[in-house]
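sequence unknown, structure follows:
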């Protein structure tokens, strides 16, 4: 049942990305292009996504466990770290350059042709390498 | 143009609905980079790993099947290999180092008023706007 839910959630997420235009890189870059031809579509996407999720957090707060029995995730450490700012900025640079963030990168793998695949492989390699690179940088610093 | 906004809103509600179902049914945060990263580096175990694998399968397969039935949606992704690789490396490294991407920090974080999610979103949006400014209007590479 959990696996079924996971698959359907992934599918609904993927279709939401397609319908909203998040897999269309010109729309995504258009939202960032505040000094050029600004396209506000993505503000509607983010707003539309945050609304149901805000309700879901309210429901979760009144329950001890999820409907299928698992416990809810612990509240994360609220500390704002340099790591959060640096990582998010770097992610933003890549997102601006390509117009793809991790969700749409995967949702468009099945129809995006070789550019999608090249982007995905580079992203996956960096995800695997990141902890190792960070550790050696810390040791060197 | 306003039609795009309506599609954006509908798609957004689907994304938020998916994240809500994942939280309320499975007790998990729907963060794309976290789920993929955990599968790649093997840090998810047992039920979490199974959840993540099925989630990723749905995320890739359902749009794939849709495109077989209805034709491929626009992606307009650049064919400049250098830009693709550089952008992929930045996204992969940045999202794991910063512990999240648009779905985790943006959708799941902002909706619970998490200070970390809000700060992360401000940083990636402004870095993205700056990048588009420099790369499009300055260098003309995208």
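Here it is on my side, so go on. Please read all numbers here as calculations on a predicted model, not as lab measurements.

does residue A:29 touch residue B:135 like I think?
No. The pair residue A:29 and residue B:135 does not pass the contact test of CB atoms under 8 Å, sitting 9.0 Å apart. C-beta here means a position set from N, CA and C on the backbone, and glycine is covered the same way.

settle it for me: which of the two has more neighbours?
Neighbours were tallied for residue A:29 and for residue B:135 using other CB atoms under 10 Å in any protein chain shown; the higher tally belongs to residue A:29 (28 against 19).

what helix or strand is the more buried one located in?
Here residue A:29, judged by DSSP states H and E, is contained in helix A:25-32.

overlap in contacts of residue A:29 and residue B:135?
Common neighbours of residue A:29 and residue B:135 (criterion: CB atoms under 8 Å, 6 or more residues apart in numbering or on different chains): A:96, B:142.

which neighbouring elements make contact with the helix holding residue A:29?
Applying 3 or more CB pairs under 8 Å, 6 or more residues apart in numbering or on different chains; DSSP states H and E, we find helix A:25-32 packed against helix A:41-61, helix A:82-98, helix B:115-132.

so for stretch A:116-123, what gets flagged as buried?
Buried residues in stretch A:116-123, counted by 16 or more other CB atoms under 10 Å in any protein chain shown: A:116, A:118, A:119, A:120, A:122, A:123.

does chain B have contacts with it?
Yes. Applying CB under 8 Å from any CB of the partner chain, one finds stretch A:116-123 touching chain B at A:116, A:118, A:119, A:120, A:121, A:122, A:123.

just put the residues you listed in a markdown table and tack on distance to residue A:5, pLDDT and secondary structure.
As requested, these are exported to a markdown table (distance: CB to CB, whole Å; pLDDT from 0 to 100; DSSP: H, G, I helix; E, B strand; the rest coil):
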| residue | distance to residue A:5 | pLDDT | secondary structure |
| --- | --- | --- | --- |
| A:116 | 27 | 97 | helix |
| A:118 | 32 | 98 | helix |
| A:119 | 28 | 98 | helix |
| A:120 | 25 | 98 | helix |
| A:121 | 29 | 98 | helix |
| A:122 | 31 | 98 | helix |
| A:123 | 26 | 98 | helix |
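
quick check: mean pLDDT of stretch A:26-46?
What stretch A:26-46 shows for mean pLDDT is 88.

wait, stretch B:20-40
On average, stretch B:20-40 scores 97.

need the distance between the two termini of it.
24 Å (CA to CA, to the nearest Å).

contacts only, for residue B:6.
Taking CB under 8 Å, 6+ apart, we find residue B:6 in contact with residue A:44.
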